[in-house]
Structure formats: C-alpha cells, structure tokens
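Novice: Provided below for reference: sequence and predicted model.
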Amino acid sequence: MLRKPVVLVVWLALALPGLLFQSAGTDRELIAAEPLAPASQWLPQNTVIVFEVSRPGALLDLALAPKTVEAVTSLPPYQKLASQPGFQQFRGAVDYLEFKLKTDWKTAVRKLLGGGVTFAVAPGDAVLLIIDSEDAAMLNQLHETLLEFARGNANNQGEPNRVASADYRGVTGWTFNKGEAHAIIDNRLVMTNKPDAIKAMLDLRAEPNGQSLAALPAYQAAKEAAGSEAVATAFVNLATLKQIPGVQKALTNEQNPLAALLFAGITEAVRESNWLAMGLSVEGDTLKLATAVDGKVADPSGAAAFALPGEPDKGALPNLSVPGLIAGMSFYRDLHGFYAAKDELFPERSSGLIFFENMMGIFFTGRDLTEEVLAETQPEVRVVVAKQEYDPSVGTPQLQIPAFAAIFRLRNPEKFAEIAEEAWQKALGLINFTRGQQALPGLIIDKPTHGDTKFSAAHFSSADLEDKEKADTRFNFSPALAMVDDYLILSSAEGLARNLIDAVKKEVADSVKPLAGVHSVLEIDGRQVAAILGANRESMVRQNMVEEGRTQEEAEAQIGILLSLVEYLGQAKLDVASRDGLSEASFQLKLNLPHD
C-alpha cells in the first residue's frame, strides 16, 4: 500500500499559500454558461515567460505511478520525514481533506489540476499562476475548508484583518497579506504575488482588445513550433528578456574559448531570436523535450560558422559505444575555422590562451597551430567518458577516476600520424620532467598491439606498490595514442583506447553516416554515473565530513541520496541541430524507475 501522498506534498507546497480565497457567487452564475477563454488570453502581451501544462493527466500518470511513488518513498529523506511528528500531523490534515472532498487524495489532485496549469512571469517581477480544475464544486469546497483554517489561524495570531477580500469587475479576490492576491472564477483559480496583476488579468478577461499574450504573433509561432502533441509547453519572449543587462552581456561578451567552442551556434541563435519555444511529451518512462528558436545563424561568414554543417548531409557522427560508457559527446566543429576566427571571437587575448598557444608550439615543433595543425582535422570531433576496469596485478586506485578520450578525424592521416606521435611523446616527456623534479614516479612508454593495431601507451610502474587494493590516484592514468583508419584516438587510459579501437573499426566497417544537420550530441547513462560514484562512496563520505562538517552517519545519508537520484535518472540524450538556418534542440530522458 502506498504511503501517504508524495505528490500532494508538492501540490500543497505550490497551492496552499494561495488557496484561501473566495469568488463571488454571482460571478460564477454569470460565466458558468460558457467555457472560460484559454489562460493565455488573460495574460498581458508583455509576459516574459510562460509555462503551460495543457494535459496534466499525462504527467500525473507518471508522477502517481506506483513505481514512481516507490522510488520517492524509498529515499532516506522521505523515510526520515515520515518518522517526524509533523508528518503525522500532515497525514491527519490530508485525511481531513479527503473526508471534506469525499474522495482520495490522488483523485483530488487529478480533478483539481486536470484542466491545465499555467505559470507566467511578467515585467515588474509579477508571477502569475492559473489552475483550471475539472471539478468546480470540489475546488470551491477545498477553498471553503482552507479559508476556515486561514481565518482561524489569523484570529489566533491576533491578526483578523490579514485575510481580506475586495470586489473587482464582479469578482471577489482574496489576500493573506499585501504581497499576494487570488480568486476563483468558475472552475479557474488565479493567483499572483502582485495585487495589481490580478486586476490586469480581469481587465483582459473583460476587454481583451487583442492585447493579450494569445494575440502576440511571437507566442503563436512558438506554440506552433512546440508541437501539437506536447503535454506541456513553454514560451520565452527573448526580445524582452534580452533587454536585461545581465542577459545582454552574457550573449554578447563570451570570452571563454572552451565555452565558445562547446556552445557555438546556440548562443548566436538565441542572440538573433525573438522567442524560444519548448514542448514536453511523455512516452511511458521517457520524457522528451523539444526546443526551438526563430533566429537564423546560417551566415557562412559569421563567427559561429565553424559549428554549422554547410551541407544537408553533413553533421556530427553518432557517439561511439564502449563498455562502461558514462557519457559520450559528439560535435561538428571546424577547429581550423574556430581558431582562425579567434581574433574576432576573443579580441582580448587571455593568459590562458597565450599559454595554450605556447605549449602547442613546443609540442608541434613550432608549426603554425591554425594552418599546419588544426587544418589537418576534419569537423567530426568526439569525446568519450567511461568507467575503468583495473588490473588487480597492477593496482586499483582508492579514488577511481573515469577514463576519458578525444577522437579526431584527420584529413591526411599518413602525413599527420607521426607529427601527432611526436607531440604526444613531448607531452609525456614534459610530464615526466615535472614529476621528476618533485621526486615522483614517471610514465614508461610502450608500444602494445590490439588486434592488428599497434599503438602507443604509457603506464606507471607498480613494482614498489605495497597495497594494490588502495593504489595511488596516478594509476587511473595510462595515456595512449592510436590511429585507426583516418581517426586519431587520444585516451587517458590504455583500456579505453583498446575499446575505442574496436568501436572505430566497427563504425568504419558499418559505414556509419553523420547525423544530418546536427552539430552537438550529448548522451549520459545515469546508471554508469551511479556506479562510478558508488565505487568512490567512501572517499565522497570522507570529503563530505571534512568540507561540510557532518557526522559520518549524516554524510553517508546525503551521499546515498545522491546515488539514488542519479541512478533513477536513467539515460539522457541531447541533440542540437541547425536546419534551414534555424536552431532546434531535443532532449530525451528515460527514467530508471523500479519495475512494477
């Protein structure tokens, strides 16, 4: 049997502060004969952000499913909360509400929220919430019950005037204090933190005059872009949002080269757009979120051109699959074009950028980084992060760090292979020199073979290692460099390099095609993230105790919560594409919930 309501806690947290209100009976009688206009017709045209849940049932089916409730109630924080006296009082209040509403809490939540929920942010820091109930009688019964509680609480605290009402355009609005207002109109609850905002909503209801959000062309275009199958949508008025100095600065003054490389095309698209649209759909345990903006960034001479596939069939390659994959990232990035535009992208040369250029000059024997190094790479760039398998005869690090690798596709692999090998050996030489100055063990370079592929690898000797079950952190690293077909693999660990050799060979044999128009792909496996965190549980607990000052029991509980939440996240995937000059993104999250 399910323990008392998890989802109702969330619902009451949102609704309880504003559910003490009353609507004039005459107003209900006047408008009950015809359906209320969509909530967007009651919102001002200068609304900055609006979230609309048009089909709450689809989300409630997932939120109220037994496996979801089991996942939440199994968490230590919930179990701790359930053991507190206050929770027992809460359960008593829920029992009372069930009695008054003549139904169970799950049915009540479905009926009270079933008509749709709209949340909006308007200029002047106004926040608005509109809830359409499927059962007006139940909504009014709930308000009568909560209003009784509110009045009793106000009287007990010697503030009987705290709960007050006023009429406006035939509607009675209620307030607990000067900072909020709310009312019921037929089956609709409206709430806001600004009393004047509720008046503005009632003005639009009475005299729309085409000044509502629903009449805004940008909103209409965004709703169409979000898709008709979305159970929830969001609209962001970027034209208004970009007037905020902080937002404006963030979009026009990117000085971090790595951020500019990773988020290329995204920042430019937002900068050129008037609106952003999102549409959320639900398929079983999978949530899908589609995002689109209206700004075009297809200028071949623009600063973001290095991240935009110039031909319809071009794009990022699918992520490579290896054992223990934690995360995979695949990008379409013309590194030559990116670095050639560095003066335009970063007019102020940072010390980090200068240091990078100097080191690359050393590693690549003075070759021009733009024209003689990066020009040898093709736009397909991938990054892989995976859990490591450690050889017991060598040693298992006490702190386990995932292996990571970058895979580049070369234009002239025969010509560039030895140049890359020389640069790699110089980098290892610098590491060994630096560690030698500190009297630390260095890396030993080897030339192993995997299948028919001979590659370069380096490792730390474990000859003098006393405890191989709690080895030093350095044993997470056995850097390797391999060439397969026209792909260059640069890995932090030899084991991952071997797995990537196999994966690349399979990809070449299968003639894998690019993802047309897609310039960025990110995939994360929550189960593997949880596995690597679990392997480091003891270290994380110790760190939590030291940094947060918690007891061991408290630290173990907090880390346990983190591991459970990460594991429930399952698998996530994000695709960002540019098609016909427009940018769009899709995010998919498959939850890893307990089986029924």
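Specialist: Yep, it's here.

Novice: so where do the strands sit in the stretch 301-450 of the chain?
Specialist: 325-332, 377-386, 403-410, 443-446, 449-450 (DSSP state E, counting those that start in this stretch).

Novice: reformat these as TSV; add mean pLDDT and distance to residue 82.
Specialist: In this view, the C-beta of every residue, glycine as well, is placed from N, C-alpha and C. Rendered in TSV, the data for the strands of the stretch 301-450 of the chain read as follows (pLDDT from 0 to 100; distance: least, C-beta to C-beta, whole Å):
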stretch	mean pLDDT	distance to residue 82
strand 325-332	96	33
strand 377-386	96	37
strand 403-410	97	41
strand 443-446	95	53
strand 449-450	97	53
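
Novice: in CSV: those strands, plus mean neighbour count and distance to residue 565.
Specialist: Rendered in CSV, the data for these read as follows (neighbours: other C-beta atoms under 10 Å; distance: least, C-beta to C-beta, whole Å):
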stretch, mean neighbour count, distance to residue 565
strand 325-332, 22, 16
strand 377-386, 21, 19
strand 403-410, 20, 23
strand 443-446, 15, 37
strand 449-450, 14, 37
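
Novice: so which of those is nearest residue 496?
Specialist: The closest approach between residue 496 and any of these, judged by C-beta to C-beta, belongs to strand 403-410 at 3.9 Å.

Novice: and the next helix or strand past the helix or strand where residue 120 lies?
Specialist: Residue 120 belongs to strand 116-122 when elements are defined using DSSP states H and E. Proceeding C-terminally, strand 116-122 gives way to strand 126-132 as the next helix or strand, assigned by DSSP H and E.

Novice: which strands and helices sit next to whichever helix or strand comes after that following strand?
Specialist: Per DSSP H and E, strand 126-132 leads on to helix 136-156 as the next helix or strand towards the C-terminus. Helices and strands touching helix 136-156, by 3 or more C-beta pairs under 8 Å, 6 or more residues apart in numbering; DSSP states H and E, are helix 85-101, helix 105-113, strand 181-185.

Novice: ok and the second one relative to strand 126-132, angle-wise?
Specialist: Using axes from the mean of the first three to the mean of the last three C-alpha atoms, to 10 degrees, one finds that helix 105-113 and strand 126-132 are set 110 degrees apart in direction.

Novice: pLDDT of helix 105-113, averaged?
Specialist: When pLDDT is averaged over helix 105-113, the result is 94.

Novice: cool, the longest one as well?
Specialist: Here the mean pLDDT over helix 85-101 is 89, rounded to a whole number.

Novice: which positions within it qualify as buried?
Specialist: Neighbour counts using 16 or more other C-beta atoms under 10 Å place 87, 90, 94, 97-98, 100-101 of helix 85-101 among the buried residues.

Novice: reformat the strands of the stretch 301-450 of the chain as a markdown table; add distance to residue 566.
Specialist: A markdown table is the format used below for the strands of the stretch 301-450 of the chain (distance: least, C-beta to C-beta, whole Å):
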| stretch | distance to residue 566 |
| --- | --- |
| strand 325-332 | 11 |
| strand 377-386 | 14 |
| strand 403-410 | 18 |
| strand 443-446 | 33 |
| strand 449-450 | 32 |
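
Novice: to residue 487, which of those lies closest?
Specialist: With distances scored as C-beta to C-beta, the stretch of the strands of the stretch 301-450 of the chain nearest to residue 487 is strand 403-410 (5.6 Å).

Novice: strands paired with that closest one, and their directions?
Specialist: Using DSSP bridges, the neighbouring strands of strand 403-410 in the sheet come out as strand 377-386 (antiparallel), strand 487-491 (antiparallel).

Novice: alpha carbons only: can I get stretch 587-596 in CSV?
Specialist: Output in CSV follows, covering the C-alpha atoms of stretch 587-596 (Å, rounded to 0.1, in the frame of the first residue of the first chain):
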residue,chain,number,x,y,z
PHE,A,587,16.3,16.4,-25.0
GLN,A,588,15.2,12.9,-24.1
LEU,A,589,15.3,11.4,-20.5
LYS,A,590,14.5,7.7,-19.9
LEU,A,591,13.9,7.3,-16.2
ASN,A,592,15.3,4.2,-14.5
LEU,A,593,12.4,3.6,-12.1
PRO,A,594,11.7,0.4,-10.1
HIS,A,595,9.7,-2.3,-12.1
ASP,A,596,6.0,-2.7,-11.3
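
Novice: how far is that stretch from where the chain is centred?
Specialist: Offset of stretch 587-596 from its chain centre (C-alpha atoms, centre = their mean, to the nearest Å): 15 Å.

Novice: kindly report the same for stretch 352-363.
Specialist: Computed by C-alpha atoms, centre = their mean, the chain-centroid distance of stretch 352-363 equals 33 Å.

Novice: give me the contacts around the strand holding residue 120.
Specialist: The list of residues contacting strand 116-122 from outside it, by C-beta atoms under 8 Å, 6 or more residues apart in numbering, reads 39-40, 43-44, 46-56, 127-132, 197, 213.

Novice: before we move on, the earlier item: closest one of the buried residues of helix 85-101 to residue 148?
Specialist: Taking C-beta to C-beta as the measure, residue 148 sits nearest to residue 100 out of these, at 9.8 Å.

Novice: and the closest one, how far from residue 145?
Specialist: For residue 100, the distance to residue 145 (C-beta to C-beta, to the nearest Å) stands at 5 Å.

Novice: same question for residue 307.
Specialist: From residue 307 over to residue 145 the distance is 56 Å, taken as C-beta to C-beta.

Novice: those two: who's more crowded?
Specialist: The residue with more neighbours, out of residue 307 and residue 145, is residue 307; 27 against 17, by other C-beta atoms under 10 Å.

Novice: look at residue 581 and report its pLDDT.
Specialist: As summarised for this prediction, residue 581 has a pLDDT of 68.

Novice: repeat for residue 53
Specialist: Among the per-residue scores, residue 53 holds a pLDDT of 97.

Novice: ok, what's across the strand from it?
Specialist: When assigned by DSSP bridges, residue 53 has beta-bridge partners residue 117, residue 232.

Novice: closest one to residue 379 among the helices and strands packed on helix 136-156?
Specialist: Each of the helices and strands packed on helix 136-156 was scored for nearness to residue 379 using C-beta to C-beta, and the closest is helix 105-113 (46.8 Å).

Novice: may I see the buried residues of that closest one?
Specialist: Within helix 105-113, the residues that count as buried by 16+ other C-beta under 10 Å are 105-106, 108-113.

Novice: how near is residue 128 to residue 194?
Specialist: From residue 128 across to residue 194, the span is 8 Å (C-beta to C-beta).

Novice: the more surrounded of those two?
Specialist: residue 128 (24 against 17).

Novice: show me what contacts that one?
Specialist: The neighbourhood of residue 128, defined by C-beta under 8 Å, 6+ apart, consists of 43, 118-122, 190-192, 197, 201.

Novice: now do 6 Å
Specialist: For residue 128, the contacting residues are 120, 192, 197, by C-beta atoms under 6 Å, 6 or more residues apart in numbering.

Novice: switch the helices and strands packed on helix 136-156 over to a markdown table; also include distance to residue 364.
Specialist: Below are those laid out as a markdown table (distance: least, C-beta to C-beta, whole Å):
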| stretch | distance to residue 364 |
| --- | --- |
| helix 85-101 | 64 |
| helix 105-113 | 61 |
| strand 181-185 | 66 |
